[in-house]
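Novice: with the input below, show me the fold.
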Amino acid sequence: MQAEIIKNKKQYHKALQRFEEIFLAKSNTKEGKEAQLLALIIKDYEGRHYKINAPDPVEAIKYRMDQMHLSKKELGEILGYTSRVSEILSRKRKLTLEMVRNLHEKLNMPLGSLVQAY
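Specialist: This next block holds a predicted model:
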């Protein structure tokens, strides 16, 4: 298969099918190099046509809490305001800049997902 920029869904599905066929090829082989190139081309197409928006800050916090098995009390300690956790999670109170910084630094949460409007 000759690799080229994907312009439509038919080409996209064809590239995916070929990628699945050669996915496990060793990187120093002809098929391995083709797989690397296809991965880039597929990623480019998906980036242009299948954008995934980041969750709003509250959903991102809930997700991270679930991942890290954090209680509301532990989240409150991270935020610096244990009394405000319920208000934040129920969207009655907005995050402060200090809270955003703490979540970013202590839970390694992306700033982009924490500063979105919600």
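Novice: rest of the way, CA atoms for contacts and neighbours
Specialist: OK.
Novice: any chance you could list what contacts the longest helix belonging to the chain?
Specialist: Longest helix in the chain by number of residues (criterion: DSSP state H): helix 30-49. By C-alpha atoms under 8 Å, 6 or more residues apart in numbering, the residues outside helix 30-49 that reach it are 3-7, 12, 15-16, 19, 22-27.
Novice: farthest-apart pair in those residues, please.
Specialist: Across the contacts of helix 30-49, no pair lies farther apart than 7 and 26, at 27.8 Å, counting by C-alpha to C-alpha.
Novice: check the average confidence over stretch 98-114, would you?
Specialist: Stretch 98-114 comes out with an average pLDDT of 95.
Novice: how long is that stretch end to end?
Specialist: Using C-alpha to C-alpha, to the nearest Å, the end-to-end distance of stretch 98-114 comes to 12 Å.
Novice: what residues of that stretch count as buried?
Specialist: Buried residues in stretch 98-114, counted by 16 or more other C-alpha atoms under 10 Å: 99, 100, 101, 102, 103, 104, 109, 113, 114.
Novice: could you list the domains of the chain?
Specialist: Domain ranges of the chain: 9-49, 57-114, per automatic domain parsing.
Novice: can you list which of the contacts of helix 30-49 are found in helices?
Specialist: Those of those lying in helices (DSSP H): 12, 15, 16, 19, 22.
Novice: what sits against the last one?
Specialist: Contact criterion C-alpha under 8 Å, 6+ apart gives 31, 32, 35 as the residues in contact with residue 22.
Novice: can you put those in a markdown table and add neighbour count and pLDDT?
Specialist: Shown next, in a markdown table, are the contacts of residue 22 (neighbours: other C-alpha atoms under 10 Å; pLDDT from 0 to 100):
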| residue | neighbour count | pLDDT |
| --- | --- | --- |
| 31 | 18 | 94 |
| 32 | 17 | 94 |
| 35 | 24 | 94 |
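Novice: possible to save those residues as a markdown table with distance to residue 48?
Specialist: Shown next, in a markdown table, are the contacts of residue 22 (distance: C-alpha to C-alpha, whole Å):
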| residue | distance to residue 48 |
| --- | --- |
| 31 | 26 |
| 32 | 25 |
| 35 | 20 |
